[in-house]
Each structure stands twice: as structure tokens, then as C-alpha cells.
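> Sequence first, predicted model second:
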Amino acid sequence: MERRLIAGKPYRRLLVAPRPVAEGMKARLEARGLPVYLETPFAGLPEAATGTYMGDVALYVPEEVLGEAEALLREDVP
């Protein structure tokens, strides 16, 4: 699993998915109080900020909550 330092804190990639799916997952995680970083291939460009890019994006969560985030996303999987 890919690891990144974001604002000096270790994050792990949770998933890569189309933007609409990733945004739904991001909302679920944030509703539970988990911080999430969404990264598009266009980081720093207007497409990233406005949400017009609908291709694959990556979701990262802090390393210390990775297990909790994975468990939350599995809750609705049959």
C-alpha cells in the first residue's frame, strides 16, 4: 500500500476509484470523523479543486486509522 507524507503526517492509500465512487467513500469516512485526502492526477490544477475530473482518484487516510477506515468501507460489502 502506497505511503505518503501529507503535512508531515504518514498517510496510506486506501483505494483508487472513479471520482464519484471515491467522493462517496470520502463522505462516509469523514462522517465518522476520519480525515481523508483525495488526490487526482491533476493535483494543483483547477480540475482537482472543482471536481470536473471524473476518472480514477486516490484516497489516502492517516496511517493510524487505516484499519478503521478499511473496516468501515467493508461494512456494506456482501
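On my side now, so go ahead.

> Go through the helix or strand harbouring residue 60 and flag the buried ones.
Using DSSP states H and E, residue 60 maps to strand 56-62. By neighbour count with 16 or more other C-beta atoms under 10 Å, strand 56-62 contains the buried residues 57, 58, 59, 60, 61, 62. The way it works is simple: take the backbone N, C-alpha and C, and place the C-beta from them, glycine included.

> packing partners for that strand?
Contact analysis of strand 56-62 by 3 or more C-beta pairs under 8 Å, 6 or more residues apart in numbering; DSSP states H and E lists strand 9-18, helix 19-31, strand 37-39 as its packing neighbours.

> show me the contacts for the residue most central in space within the chain.
Centroid-nearest residue in the chain, with C-alpha atoms, centre = their mean: residue 59, separated by 1.9 Å. Residue 59 makes contact with 13-17, 22, 25-26, 29, 36-39, according to C-beta atoms under 8 Å, 6 or more residues apart in numbering.

> ok, now residue 17?
If you count contacts by C-beta under 8 Å, 6+ apart, residue 17 has them with 25, 56, 57, 59.

> beta partners for it?
With DSSP bridges as the criterion, residue 17 is bridged to residue 57.
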